[in-house]
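Q: Provided below for reference: sequence and predicted model.
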Amino acid sequence: MVATQILVNRMKHILGILAALSFAHVAALHAADGVGADKKPNIVIVLTDDQGYADLGKFGAEGYQTPNIDRMADEGAVFRNFHVAQPVCSASRASLLTGCYSNRVGIHLALGPKSKVGLSDQETTLAQLLKSQGYATAMFGKWHLGDSPQFIPQRHGFDEFFGLMLSADYWPGHPDLITNMPSLLAAKKREYPNLAIWDGEKQFHDEMSIDDLNHLTTWYTERAVSFIERNKAQPFFLYVAHSMPHVPLGVSDKFRGKSARGLYGDVIEEIDWSVGEILAALKRNGLDDNTWVIFTSDNGPWLAYGNHAGSAKPLREGKTTNWEGGTRVPCVMRWPGRIPAGSDTWDMLMTIDLFPTIAKLTGARLPDRKIDGLDVWPLISRQPNAKNPHDAYWFYYEVNQLQAVTSSDGRWKLQLPHTYHSMSGQEPGRDGVTGAYADKKIESAALFDLANDIGETTDVSSKHPEIVKQLEAEAEKARADLGDSLTNRPGPGRREPGRLDEAK
């Protein structure tokens, strides 16, 4: 038995050495081709809105197909334990673009029309980071980090912008407003009489129409492809932040009625087409081997919308909660020769880690202000014996409520006492009209073993008091830095957002 184990260990060691040599050989080939230190990689991030964990073929999608993203996964890697920092629009996007927990940069929840706050110009975004390295930068899609011209993406490092400053559910044609909330609709019209589509710093359409809604995915895709073709001779950062599948759903005629899942499935199939168009543009322009493409979602599915929402199966709950269904999102990455093809991993990662990882790969200097993410390229590139460099991940929601803490290996999650909106046992809505949530409360800290209970069904805190103690210590670190409104801790590490009254 001992001799057998020694032989197994030696074989693992040899395989690890061979894998390392293989990666070194690939890196040498790239260096010889000018890819690496002498040629900076292009970065493409495709972010969908409210797409659930089970809403891709590789994650168990039902009733529709995602062949382009599935092929991207076969040529790259599937990440099954990839998380956003907060389970809602604005907060999630702030974290992605700054590498910070969103409450550190003063962004909470989803910013509404004529918001008095937005992303501060004192924060460094991915676009600004990469512009410092000579990158062309563009964003097509939903911004949602302040809808005033003071906060427009061009003021945060993007050379080009086309899309919405807000979520499409602020459009007066949203079925939920028309059906359920006529008084709110009237108030929204007074407060914000239209939902404009922006092209640069000018309004492309002053008021979005149903035809515009149906064309958003196509328009974003066409502009993304054009940007790639116009900037193929220089490094570029392309951020495509789809408005879909967030309600109200819109889809072009070329995909309407094509899936067995109805409108939601049609929308996902059009997003898959969009990814295919972007990948084809990279290949057509000879950029495949020097481009890192990341596909993910901003949070879990908005379950209250029923047949107009996705699925988080087998996870618990969805958007607006710090259960796994709210923060664990589908993720696929592709970079031929740098990310091993066909990789499928359960290593835990978070969007905050993309910023410092991209900085390291491109030679960019990190900002002087503190960020929360860490370089996780060894995990992404599947290097032997790579480990997550974090001690833990912190999950906040509402206005600075620390609701959960997770071990960085993704196994243990401590749900802290808090109230959350649940769709469990509730009747979901239909056809763009929402169902009602029920408020539920976690009375005392509960520990979940995600490796054996991904659906967070069984509290095992009594069986693992040492793990509870470790994660409670991590929660105290979070409170000492960023505070916690649930325990009345202020948080000295929090920074102010941008404010309209500071406009010069």
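A: Happy to help now that I have it. Numbers count the residues shown, from 1 in each chain.

Q: where do the strands sit along the stretch 251-400 of the chain?
A: Using DSSP state E, counting those that start in this stretch, the strands found in the stretch 251-400 of the chain span residues 291-297, 328-334, 343-345, 349-350, 392-397.

Q: run the chain-centre distance for the second one.
A: So that's strand 328-334. 9 Å (CA atoms, centre = their mean, to the nearest Å).

Q: end to end, how far does stretch 114-121 reach?
A: 18 Å (CA to CA, to the nearest Å).

Q: what's that stretch in contact with?
A: The contact list for stretch 114-121, computed with CB atoms under 8 Å, 6 or more residues apart in numbering, reads 94, 97-98, 105-107, 111, 125, 145-148, 150-151, 155-156, 191-192, 495-501. For the C-beta atoms, the positions are set from N, CA and C on the backbone; glycine is no exception.

Q: and these, which are buried?
A: By neighbour count, with 16 or more other CB atoms under 10 Å, the contacts of stretch 114-121 hold 94, 97-98, 105-107, 111, 125, 145-147, 151, 155-156, 192, 497-498 as buried.

Q: which residues does G163 bridge with?
A: G141, W198 (DSSP bridges).

Q: is it in contact with T221, as I believe?
A: No - with contact defined as CB atoms under 8 Å, G163 does not reach T221; the gap is 11.9 Å.

Q: including mean pLDDT and distance to S424, could the strands of the stretch 251-400 of the chain go into TSV?
A: Shown next, in TSV, are the strands of the stretch 251-400 of the chain (pLDDT from 0 to 100; distance: least, CB to CB, whole Å):
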stretch	mean pLDDT	distance to S424
strand 291-297	98	21
strand 328-334	98	17
strand 343-345	97	29
strand 349-350	98	25
strand 392-397	98	17
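
Q: tell me the contacts of K413?
A: By CB under 8 Å, 6+ apart, the contact list for K413 reads E324, A404, V405, T406, S407, L447, F448, L450, E456, L471.

Q: run the last query once more with 10 Å
A: By CB atoms under 10 Å, 6 or more residues apart in numbering, the contact list for K413 reads 322-324, 392-393, 395, 404-407, 446-450, 453, 456, 467, 471.

Q: so in terms of bridging, what pairs with it?
A: T406, F448.

Q: if we can go back for a sec, and the contacts of K413, which are buried?
A: Buried among these by 16+ other CB under 10 Å: 322-324, 392-393, 395, 404-407, 446-450, 456, 467, 471.

Q: just for the stretch 401-504 of the chain, where's the confidence low?
A: 502-504 (pLDDT under 70).

Q: can you pull out the strands in it?
A: Remark: strands assigned in the stretch 401-504 of the chain by DSSP E, counting those that start in this stretch are 401-407, 412-415, 418-422, 438-442, 446-449, 498-499.

Q: and V225, which of those strands is closest to it?
A: strand 498-499 (31.9 Å; CB to CB).

Q: in this structure, which residue is closest to the centre?
A: In the chain, the C-alpha nearest the mean C-alpha coordinate belongs to D298, at 3.6 Å (CA atoms, centre = their mean).

Q: for it, which non-adjacent residue is closest in space?
A: Leaving aside its chain neighbours, D298 sits nearest to S92 (4.4 Å; criterion: CB to CB, 6 or more residues apart in numbering).

Q: rewinding a little: now do the phi/psi pair for the residue nearest to the centre of the chain.
A: Torsion angles at D298 (phi, psi; degrees, to the nearest 10) stand at phi -80, psi -20.

Q: go on, F227?
A: phi -60, psi -40.

Q: these two touch, right, it and Q234?
A: No - no contact is recorded between F227 and Q234 when judged using CB atoms under 10 Å, the distance being 11.5 Å.

Q: and those two? Which one has more around it.
A: F227 (25 against 11; other CB atoms under 10 Å).

Q: residues contacting that one?
A: Applying CB under 10 Å, 6+ apart, the residues near F227 are 44, 136-140, 159-160, 162, 236-238, 240, 278, 281.

Q: repeat that for 6 Å
A: Residues near F227 by CB atoms under 6 Å, 6 or more residues apart in numbering: A138, L238.

Q: ok, it to K313 distance?
A: Using CB to CB, to the nearest Å, F227 is found at 35 Å from K313.

Q: may I ask which helix or strand encompasses the residue lying closest to E160 once chain neighbours are set aside?
A: Closest residue to E160 apart from its sequence neighbours, by CB to CB, 6+ apart: A138 at 4.0 Å. Using DSSP states H and E, A138 sits in strand 136-142.

Q: what pairs with T48 across the strands?
A: S297.
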